[in-house]
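[1] whatever this is, show me its structure:
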Amino acid sequence: MDATPIWLMRQAGRYMTEYRELRAKVAFLELCKDPRLASEVTVTAAAKLGVDAAIIFADLLLIVEPLGFSLAYGQGEGPIIRPALRLPGEVDRLQEVDPQQSLAYLYDAIRQTRADLDPELPLLGFAACPFTLASYLIEGGGSRNYRHTKGLMYRDRGAWRALMEHLARNLAKYINGQIAAGVQALQVFDTWVGCLGPADYREFVLPYTRMMIEGIAPGTPIIHFGTGTGTLLEDMRQAGGHILGLDAHVELDEAWTRVGYSIGVQGNLDPVVLYADQAYIRSRVQRILDQAAGKPGHIFNLGHGLLPDTPFENVVALVEMVHELSSKR
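    Residues are numbered from 1 along each chain as shown. Reported below is the predicted structural model:
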């Protein structure tokens, strides 16, 4: 294409009037499990924003239930997973996932979306990385310090290995189902891995992220993204993926130099910049495009997902700015 491509994490969300109206009538997980509604939300967001890719409307934790846990979302709260996996012996109760059976609704949503979407527009799928999924299962939800996760990791390396290998294997199957259903690219999220230092990442995470990525059917581009990962980028590069997603805590040009230009990068506007006036947003867009310097392999995105009360008009303006400013190069 003639301009830098752009899509946005959480581009279908509460900042859109249509989404808020739908969520007033339909619970979040119910929406995720209704292929027709999931397609509607995905396609509407992509069309209204004019982005260069749609991302299937789903939840990072849909695989939790087939693994043998319950998943719920309280009003205005994050995920609640029960029973939390706290003891080494509890790793044995993890179930093997048959994604075509237990997650058929997601694959139906992908097929429906692919049929409803502009045929020229790529559809992205996504999944968690093993460490982030493990942390949700162990903590029972989000955490500030990941005490239970790190505690299991440090205390019992055998149980940790068994847990991570199980998750890596089943996540790869889950992702391959998305590819078979029709996604053209994937983003794998290691949202919580920034709580670790480089040595711990290399020992406790990298082998299993690599195992998952190597289990994914070849030929589909993979974006490998994490937050708080400024000290981990070279190691994440070694774990795998064709494009490295950058959060807003690193400078794009410096990060790309560190990981090498043989891999693409995605990012990395701070989502809170979208609350500023459009002249300032434009200056920050230009800064990132200048850092990318027109090199092939840059996808414009935020450094994390859109926040629920982001001004909608600024999101639309952002997409237009990226297309306009990058096409002048």
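
[2] could you use CA atoms for every contact and neighbour count after this?
    Will do.

[3] ok, Leu206 to Gly194 distance?
    In this view, Leu206 and Gly194 are 13 Å apart by Cα to Cα, to the nearest Å.

[4] of those two, who's got more company?
    Using other Cα atoms under 10 Å as the criterion, Leu206 and Gly194 rank with Leu206 on top: 21 against 17.

[5] now that one: closest residue in space that isn't a chain neighbour?
    Ala239 (5.4 Å; Cα to Cα, 6 or more residues apart in numbering).

[6] in this structure that neighbour contacts Arg210, no?
    Yes. Using Cα atoms under 8 Å, Ala239 is in contact with Arg210, at 4.6 Å.

[7] which residues are in contact with each of those two?
    Counting by Cα atoms under 8 Å, 6 or more residues apart in numbering, Ala239 and Arg210 have no common neighbour.

[8] before we move on, back to that, any idea how far the residue nearest to Leu206 is from Gln75?
    36 Å.

[9] for the two, indicate the residue with more neighbours.
    Ala239 (20 against 8).

[10] contacts only, for the residue nearest to Leu206.
    Ala239 touches Leu206, Pro207, Thr209, Arg210, Ile213, counting by Cα under 8 Å, 6+ apart.

[11] now do Ala172 against Phe189, distance only.
    13 Å.

[12] find the nearest non-adjacent residue to Leu37, please.
    Nearest one to Leu37, counting by Cα to Cα, 6+ apart, is Leu31 at 6.2 Å.

[13] what about the helices in this structure?
    17-23, 28-32, 35-49, 99-102, 104-116, 130-139, 147-155, 157-181, 198-204, 206-214, 233-239, 252-259, 278-292, 312-327 (DSSP state H).

[14] JSON lines for those helices, including distance to Leu246 and mean pLDDT?
    Below are those laid out as JSON lines (distance: least, Cα to Cα, whole Å; pLDDT from 0 to 100):
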{"stretch": "helix 17-23", "distance to Leu246": "27", "mean pLDDT": "95"}
{"stretch": "helix 28-32", "distance to Leu246": "27", "mean pLDDT": "96"}
{"stretch": "helix 35-49", "distance to Leu246": "22", "mean pLDDT": "98"}
{"stretch": "helix 99-102", "distance to Leu246": "30", "mean pLDDT": "97"}
{"stretch": "helix 104-116", "distance to Leu246": "26", "mean pLDDT": "98"}
{"stretch": "helix 130-139", "distance to Leu246": "17", "mean pLDDT": "98"}
{"stretch": "helix 147-155", "distance to Leu246": "24", "mean pLDDT": "97"}
{"stretch": "helix 157-181", "distance to Leu246": "22", "mean pLDDT": "98"}
{"stretch": "helix 198-204", "distance to Leu246": "16", "mean pLDDT": "98"}
{"stretch": "helix 206-214", "distance to Leu246": "17", "mean pLDDT": "98"}
{"stretch": "helix 233-239", "distance to Leu246": "9", "mean pLDDT": "98"}
{"stretch": "helix 252-259", "distance to Leu246": "7", "mean pLDDT": "98"}
{"stretch": "helix 278-292", "distance to Leu246": "12", "mean pLDDT": "98"}
{"stretch": "helix 312-327", "distance to Leu246": "17", "mean pLDDT": "98"}
